[in-house]
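>>> Sequence and predicted structure below; questions after.
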Amino acid sequence: MSGILISLLRIFSLLPLSILFLFSDLFYFVLYRVAGYRKAVIQTNLQRSFPDRTSAELKLIEKKFYRFFCDMIFETFKNFSIPGSKIENYLKVENPELLDRYADEGKHVLIVMGHYGNWEFTLSMLNAVTKHDLKVLYKPFKSELFHDVLSYERNRHGVEIIPMKSALRTMMKFERPSATVFIADQAPSNVDTLWTTFLHQETPIFEGPERIASRLKMPVVFLKAERYARGKYKIHFREICSDASQTTENEISLKHTRMLEEDIRKAPETWLWSHKRWKRKRPQEISLTN
């Protein structure tokens with residue numbers, strides 16, 4: 001079944017982006033105007049994250065998010081056929097020298113980012129424009145079909161995907177300089193973890209990336225994928241530390257959380273508001289860390 005779906009997506013992706021965006025416009029009408037996909041979740045997330053915004057401002061962010069969300073889907077479809085030679089038409093790296101320096105020194109790097117911008121579209125192509133071998137950590141998908149399709153899309157440009165549960169063991173065996181990406185704004189299943197205030201709400205934070213980077217003495221870099229036109233993104237790297245083992249407890253986790261929060265405030269429509277990020281409550285015995 002997955003093979004048939006992938007073949008159909010590859011054929012569909014051969015259409016020019018201008019045509020795919022016409023489908024996106026139609027999908028926006030159905031998703032937003034007709035179906036109201038996860039509208040209650042999105043509205044609640046926006047209201048709690050931006051208590052200082054007016055109803056009109058929140059409504060505008062909501063509409064922009066739905067338009068971006070639909071574009072994101074069809075941009076990702078397009079990546080089923082984008083050749084490596086054309087990647088620079090869609091993705092530009094503003095400061096590749098930050099990452100390249102570590103590759104030249106033979107160092108592995110941990111990259112943290114959020115569900116901000118089109119992470120699927122940009123990450124799958126990033127391997128072609130960096131000196132590192134790109135890896136992506138992931139939590140297993142509930143749908144095997146969804147896993148197969150996204151795995152194909154990510155692997156097209158040589159990106160290796162690694163299950164979170166085997167991350168440390170796998171990363172210790174890397175031979176070539178590798179950049180391993182962790183999308184750090186997912187909701188951890190374990191509430192007995194680091195809690196901080198994020199977008200005005202008490203939020204649990206994954207500590208795994210910080211622990212892995214500290215164990216392996218890795219540099220940690222924050223990645224921002226900014227959309228500057230439909231189907232076009234620019235990547236900017238910000239260094240969090242050059243050696244995670246030399247940082248204090250929670251320093252890395254709090255820094256990348258604040259960087260993501262800053263980016264979301266600047267362009268909130270390109271973050272994944274449909275995700276139930278705040279469905280868990282902080283245990284009373286755990287204090288907030290800021």
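It's in. Note that the coordinates shown come from a computational prediction; the quantities given were computed from them, not determined experimentally.
>>> Buried ones in the one helix or strand in the chain whose mean pLDDT sits lowest, by neighbour count?
Between all helices and strands in the chain, the lowest mean by mean pLDDT, DSSP states H and E belongs to helix 144-155, at a mean of 81. Neighbour-count burial for helix 144-155, counted by 16 or more other Cβ atoms under 10 Å, picks out 148-154. Quick note: C-beta positions are derived from backbone N, CA and C, even for glycine.
>>> any idea which helix or strand comes after it?
Going down the chain from helix 144-155, the next helix or strand is strand 160-163, by DSSP states H and E.
>>> List the strands paired with that next one, with their directions.
Applying DSSP bridges, strand 160-163 is found paired with strand 133-138 (parallel).
>>> And the contacts of the partner strand?
123, 126-127, 154, 158-164, 167, 171, 174, 176-183 (Cβ atoms under 8 Å, 6 or more residues apart in numbering).
>>> same check, this time on stretch 98-111
130-132, 171, 174, 177-182, 209, 212-213, 216, 218-223, 237, 239, 244.
>>> Restricted to buried residues, select the residues you listed in ChimeraX.
Restricted to buried positions by 16+ other Cβ under 10 Å, the ChimeraX selection for those reads:
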select :130,132,171,177,178,179,180,181,182,209,212,213,216,218,219,220,221,222,223,237,244
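>>> In strands, which of the contacts of stretch 98-111 appear?
Mapping the contacts of stretch 98-111 onto strands (DSSP state E) picks out 178-182, 220-223, 237, 239.
>>> Closest one of these to His275?
Phe182 (16.2 Å; Cβ to Cβ).
>>> ok, now how distant is that closest one from Ala103?
18 Å (Cβ to Cβ, to the nearest Å).
>>> how about the strands in the stretch 1-150 of the chain?
91-93, 109-113, 133-138 (DSSP state E, counting those that start in this stretch).
>>> what sits up against the shortest one?
Yep, that's strand 91-93 we're talking about. With contacts defined as Cβ under 8 Å, 6+ apart, strand 91-93 is touched by 122, 125-126, 129-130, 232-235, 237.
>>> Surely Ile6 and Asp148 touch.
Yes - counting by Cβ atoms under 8 Å, Ile6 touches Asp148, with 7.4 Å between them.
>>> okay, the buried residues of helix 144-155 in a markdown table with distance to Val41 next?
Formatted as a markdown table, those follow (distance: Cβ to Cβ, whole Å):
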| residue | distance to Val41 |
| --- | --- |
| Asp148 | 27 |
| Val149 | 24 |
| Leu150 | 22 |
| Ser151 | 27 |
| Tyr152 | 29 |
| Glu153 | 25 |
| Arg154 | 26 |
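>>> wait, which of these is closest to Pro83?
Closest approach between these and Pro83, by Cβ to Cβ: Glu153, at 14.1 Å.
>>> I'd like the distance between the closest one and Lys142.
The value you get for Glu153 to Lys142, if Cβ to Cβ is used, is 18 Å.
>>> Please apply the same query to Gly36.
From Gly36 to Lys142 the distance is 23 Å (Cβ to Cβ).
>>> Between those two, which is the more surrounded one?
Higher neighbour count among Gly36 and Lys142: Gly36, with 12 against 7, using other Cβ atoms under 10 Å.
>>> Quick check, pLDDT for that one.
For Gly36, the model assigns a pLDDT of 94.
>>> Just the buried residues of the contacts of strand 91-93.
Looks like the contacts of strand 91-93 have 122, 125-126, 129-130, 233-235, 237 buried, using 16+ other Cβ under 10 Å.
>>> Identify, from the residues you listed, the entry nearest to Lys64.
Nearest to Lys64 out of the buried ones among the contacts of strand 91-93 is Tyr233 (Cβ to Cβ; 16.4 Å).
>>> Give the helix, strand or coil label for the closest one.
Of the three states, Tyr233 takes strand under DSSP: H, G, I helix; E, B strand; the rest coil.
>>> surely it meets Trp119?
No - checked against Cβ under 8 Å, the pair Tyr233 and Trp119 is beyond contact range at 9.9 Å.
>>> which neighbours do the two share?
Ala225.
>>> Stretch 165-177: end-to-end distance?
Taking Cα to Cα, to the nearest Å, stretch 165-177 runs 21 Å from one end to the other.
>>> What of stretch 51-60?
Stretch 51-60 has an end-to-end distance of 15 Å (Cα to Cα).
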